[in-house]
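J.: The following block contains a protein sequence and its predicted model.
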Amino acid sequence: MTLVAPAPGARPSPPAPAPARRALRALSPYGYIAPFFTLFAAFGLFPLLYTAYISFYKVELQTPGDKLWRGWSNYTAVFDDPFFWTALRNTFTLGALSTIPQLMLALGLAHLLNYKLRGRTLFRTVMLLPYATSVAAATLVFAQLFGHDFGLVNYALSLVGIGPVDWQTGTWTSQTAVSCIVIWRWTGYNALIFLAGMQSIPADLYEAAEMDGASRWRQFFHVTLPGLRPTIVFAVIMSTIGATQLFGEPLLFEGSASGGISHQYQTLGLYMYEQGWSFFHLGRAAAIAWVMFLLILLLVGLNALLTRRRPAKETAR
Amino acid sequence: MHIARAARSNLVRLGAVTLASVLLAACGSGSTGTGQSNGEVTLSIDLFGTFGFKEAGLYKEYEKLHPNITIKQTDTEQEQNYWKSLQTRLAGGGGLADIQGVEIGRITSVAQLQSDKFEDLDAYGAAKLKKNFTASKWGAATAKNGAVVGLGTDNGPEAMCYRTDLLKKAGLPTDRDELAKRWATWQGYIDLGRQYKKNAPGKSAWIDSVRSIYTNVAGQSKERYYDPSGKLIWETSPTVRQAWDLSVEAAHAGLSGSLDQWSPSWNQAFAAGSFATLPCPAWMLGYIKGQAGKSGAGKWDVAKLPGRAGNWGGSYLSIPRMSPHKKEAYELIKWLTAPEQQTKLFQKVGNFPSSIPAIEKVADTKDPYFSNAPIGRLFGTAAEQAPVQILGVNDQDVQEQIAKALFEVERKGTSSSAAWGNARKGVQNAIG
């Protein structure tokens, strides 16, 4: 960053820089960003384009050399496959099941942590622990907890007289179980982000509210929430991206790429992985990857439209 | 201009260096890193499930015979996961072991689609070994051009393993000959299960999962998923239908423990005594011992399987083209699959030999863990009478999808016809 051209007001240094040095200065920023773009070209752009290319071929992992032109049929096969629609639906329901409670919990926790508490730092650190745990370790532990015959959750439920719940094969039960893992891992992380947002809200706003006789609840709704708006938007966007990419938890929950025996918690990511790395249909998987890519673009576009309309409405108010 | 060009070429050089270092880093992870100084060779062998070589002490024995060889084994419990990672590494061309295990349900796929990726063992003189092996075992690993892509390890002749203590508590006979008579047919087996259920001790099930019934019945006929011309016929195959119907009947009668085979809860169930019977190919004996542990000794017994004789599983050892120690690897697999070692393996671990002289040698073997059942004779007869099955490229995938659909029937109460539909969709997806 020291190589930035001298500011306009600065006096030129006595010996005028040689043209070579000036050229180097002009070009060096490109040198600095080159590593990223080289990496991006090799591991981002090239795979993206190559994926598009092979999505029109029949390519099998066992015989990657034999490509067979398929035209659009990889894409039509995706839309004709009922499991694709199941996976699409699961991605949305799992996303809702995990994101909404997670953000609400995080907001509540952040609010509590914002008070002056004894051992606040300890609590804040503890909150981040699940986030620091690996997906695999967390999921394997949760899979044991939700075990059908020997699981702790079913044992606890049996104490209050609720019969064994099948946390694996039911659609809602299994999705709840998988969501629990996601919620457990990410709530603390989001709580800390909310907390940071809350601490940037000026204290005099609260003082003024208190002087006006606002209760803690009213303060939360009328001072904290509006002040947190940008943070909440950020957290919602990040969690939405996380939810569309949900993969590790459902894959490891029962250790199968099909997301349960009836595909009941198979997400889109898992569906693509199953086609590519369980059935070895790389062409099909590439087509799914592109469908997912376009789908995410669509979602992001919608999101942008919504957030752009928001302020307009507010100024009108 | 001249100067500007110099700067640009500097930039280009910078970019090139970055790219090169990235690419070099990417290539660096390919080799398996087996040292080879002064004749010392480390052979890596990558397997799934329980091959039993290590457990039977065969590696140690070989290392003693060949002091310059060190053997390193890696192992994946589930064959499905193993196959996935093997295929990924074959496609990527790196990270392969000197010796790779191949399941019998996959050997046709290797012989027909990937014989260019594995050594033709004929080049090392494997033809001389042909007379040692049963014709079907040898034939399945032979490619169309005559290349031999693997040497057979064990076979999977089937029998029925059962818990004598549980059967006794339920008031059923425990003698293996009498039981064999009672469950001479699969129908008889299911009827006996209904009797067991009436007095079942501690909520235990008759069978671990209907998948056990399915795979074993499907292993009893010559034609299963493919016809002799290599056409996929599983949907109309009478064998598949019969195996399916029997499994559904057992599921509806509530005889199954609905355990997902190879899952942790299935493993726990062995020690907990959650089921009374388990159709078992020979290699399952080692698995039972491992899971049920010492406390299970003497509680288990083995009897003849209902229906006809059949085969489930069995494996091969193959050498990838990429292996840097092909010659040494061939010597090792030749030794491991030789009659003497196959005999030892059966006596110590229970994997039934695919080698003819070894089958003759183990005829009198009895297993104290399984109440001194004459396992040599039981499995020997089954191996002799088992049909030579027609194998196909996607055998394992078809089987996996059907088993998954059956699991829906027993675990969720899905109707037979709906589950059959799911199996069809699953197979379509898997085979594509």
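T.: Noted; the coordinates are in hand. Residues are numbered from 1 along each chain as shown, chains lettered A, B, ... in the order given.

J.: For chain A, see how far away B:His325 is.
T.: Distance, B:His325 to chain A, by CB to the nearest CB, to the nearest Å: 25 Å. To be clear about C-beta, it is placed using only N, CA and C from the backbone, and glycine gets the same treatment.

J.: so that residue makes contact with B:Gly39?
T.: No: at 11.4 Å, B:His325 does not count as touching B:Gly39 under the criterion of CB atoms under 8 Å.

J.: quick one, which of these two is more surrounded?
T.: Between B:His325 and B:Gly39, counted using other CB atoms under 10 Å in any protein chain shown, the more crowded position is B:His325 (19 against 8).

J.: and that one, what pLDDT?
T.: If you check B:His325, the pLDDT there is 94.

J.: got it, and B:Gly202?
T.: Looking at B:Gly202, its pLDDT is 85.

J.: Double-check it against B:Gly273; I have them as touching.
T.: Yes: assessed by CB under 8 Å, B:Gly202 is found in contact with B:Gly273 at 7.3 Å.

J.: the more surrounded of these two?
T.: Between B:Gly202 and B:Gly273, B:Gly273 has the larger neighbour count (other CB under 10 Å), namely 17 against 9.

J.: What mean pLDDT does stretch A:66-78 get?
T.: Mean predicted lDDT for stretch A:66-78 stands at 93.

J.: any residues touching that stretch, and which ones?
T.: A:54-60, A:84, A:283-284, A:286-288, A:290-291, B:432 (CB atoms under 8 Å, 6 or more residues apart in numbering or on different chains).

J.: List the buried residues in it.
T.: Residues A:67, A:70, A:74-75, A:77-78 are the ones in stretch A:66-78 that count as buried (16 or more other CB atoms under 10 Å in any protein chain shown).

J.: which ones among these are found in helices?
T.: Among the buried residues of stretch A:66-78, the members falling in helices (DSSP state H) are A:74-75, A:77-78.

J.: Tell me the one among those nearest to B:Asp116.
T.: Using CB to CB, A:Asn74 comes nearest to B:Asp116 of those, at 25.8 Å.

J.: Assign the closest residue to the closest one other than its chain neighbours to helix, strand or coil.
T.: Residue nearest to A:Asn74 in three dimensions, not counting chain neighbours: A:Ala287, with 3.8 Å by CB to CB, 6 or more residues apart in numbering or on different chains. At A:Ala287 the chain is in helix, as set by DSSP: H, G, I helix; E, B strand; the rest coil.

J.: With B:Leu317 instead?
T.: Secondary structure for B:Leu317, judged by three-state DSSP, is strand.

J.: Chain B contacts on the stretch 151-300 of chain A?
T.: With CB under 8 Å from any CB of the partner chain as the criterion, the stretch 151-300 of chain A comes near chain B at residues A:166, A:168-170, A:254-255, A:258, A:261-262, A:275, A:277-281, A:284.

J.: now with 6 Å?
T.: Taking CB under 6 Å from any CB of the partner chain, the part of the stretch 151-300 of chain A that reaches chain B is made up of A:169, A:261-262, A:277, A:279, A:281.

J.: ranges for the strands of the stretch 1-150 of chain A?
T.: Secondary structure of the stretch 1-150 of chain A (DSSP state E, counting those that start in this stretch): strands located at A:57-60, A:63-69.

J.: could those strands be laid out in JSON lines, adding distance to A:Gly242?
T.: What follows is those, written out as JSON lines (distance: least, CB to CB, whole Å):
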{"stretch": "strand A:57-60", "distance to A:Gly242": "30"}
{"stretch": "strand A:63-69", "distance to A:Gly242": "32"}
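
J.: Please identify which of those strands is closest to B:Asp301.
T.: Across the strands of the stretch 1-150 of chain A, B:Asp301 has its closest neighbour in strand A:57-60 (45.1 Å, CB to CB).
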